[in-house]
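Chemist: generate a structure from the sequence data that follows.
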Amino acid sequence: QVQLVESGGGLVQAGGSLRLSCAASGRTVSSYTMGWFRQAPGRERECVAASSWSGGSTYYTDSVKGRFTISRDNAKNTVYLHMDSLKPEDTAVYYCAAGTSWGVVSSTLGYRYWGQGTQVTVSS
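Modeler: Modelled structure (predicted):
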């Protein structure tokens, strides 16, 4: 079993930055694909960024390309999402997830373990 705990969310003004962290415990996630998803009220959960186990491959949804950066420190069993130039439409609950298949990296189906989420609110 893998337990994931997100932190770093909060309220920020448009144009600001936040860094989310996802700390894993239970077992190492160094061999897992790690993803960050978000879900806004009334909307489906979407993958905003993902990293292969080595960090050598990354995925970003179009709306965050150039603004968000996913990184991982396998030695610390932690994954990060650095968010710059935040927009009100980035407001959502952000979830960290761990999975084993890069082939479905942008789908919730590709992830087995999920955190509880952290709220990000961007004011205009």
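Chemist: quick one: the helices in the chain?
Modeler: Under the criterion DSSP state H, the chain carries no helices.
Chemist: list the contacts for the residue at minimal distance from the centre of it?
Modeler: The chain has Trp36 as the residue nearest its centroid, 1.9 Å off, counting by Cα atoms, centre = their mean. Going by Cβ atoms under 8 Å, 6 or more residues apart in numbering, Trp36 touches 20, 22, 47-50, 68, 70, 79, 81, 94-97. C-beta coordinates here come from the backbone N, C-alpha and C atoms, glycine included.
Chemist: what's the answer for Ser51, then?
Modeler: 33-35, 57-59, 70-72, 79.
Chemist: and it, bridged to which residues?
Modeler: Counting by DSSP bridges, Ser51 is bridged to Met34, Thr58.
Chemist: before we move on, what about Gln119?
Modeler: Bridge pairing for Gln119 (DSSP bridges) gives the partners Val93.
Chemist: burial count for it?
Modeler: Neighbourhood size, Gln119 [other Cβ atoms under 10 Å]: 12.
Chemist: just for this structure, where's the confidence low?
Modeler: The model of the chain has no residue with pLDDT under 70.
Chemist: about what we covered before: return the member of the contacts of Ser51 nearest to Gly42.
Modeler: Gly35 (21.6 Å; Cβ to Cβ).
Chemist: coming back round to it: now which of the contacts of Ser51 would you call buried?
Modeler: In these, burial by neighbour count holds for 33-35, 59, 70, 72, 79, counting by 16 or more other Cβ atoms under 10 Å.
Chemist: could you dump the contacts of Trp36 to JSON lines with distance to Gln1?
Modeler: Shown next, in JSON lines, are the contacts of Trp36 (distance: Cβ to Cβ, whole Å):
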{"residue": "Leu20", "distance to Gln1": "22"}
{"residue": "Cys22", "distance to Gln1": "16"}
{"residue": "Cys47", "distance to Gln1": "22"}
{"residue": "Val48", "distance to Gln1": "25"}
{"residue": "Ala49", "distance to Gln1": "24"}
{"residue": "Ala50", "distance to Gln1": "21"}
{"residue": "Phe68", "distance to Gln1": "28"}
{"residue": "Ile70", "distance to Gln1": "23"}
{"residue": "Val79", "distance to Gln1": "17"}
{"residue": "Leu81", "distance to Gln1": "23"}
{"residue": "Tyr94", "distance to Gln1": "22"}
{"residue": "Tyr95", "distance to Gln1": "17"}
{"residue": "Cys96", "distance to Gln1": "15"}
{"residue": "Ala97", "distance to Gln1": "14"}
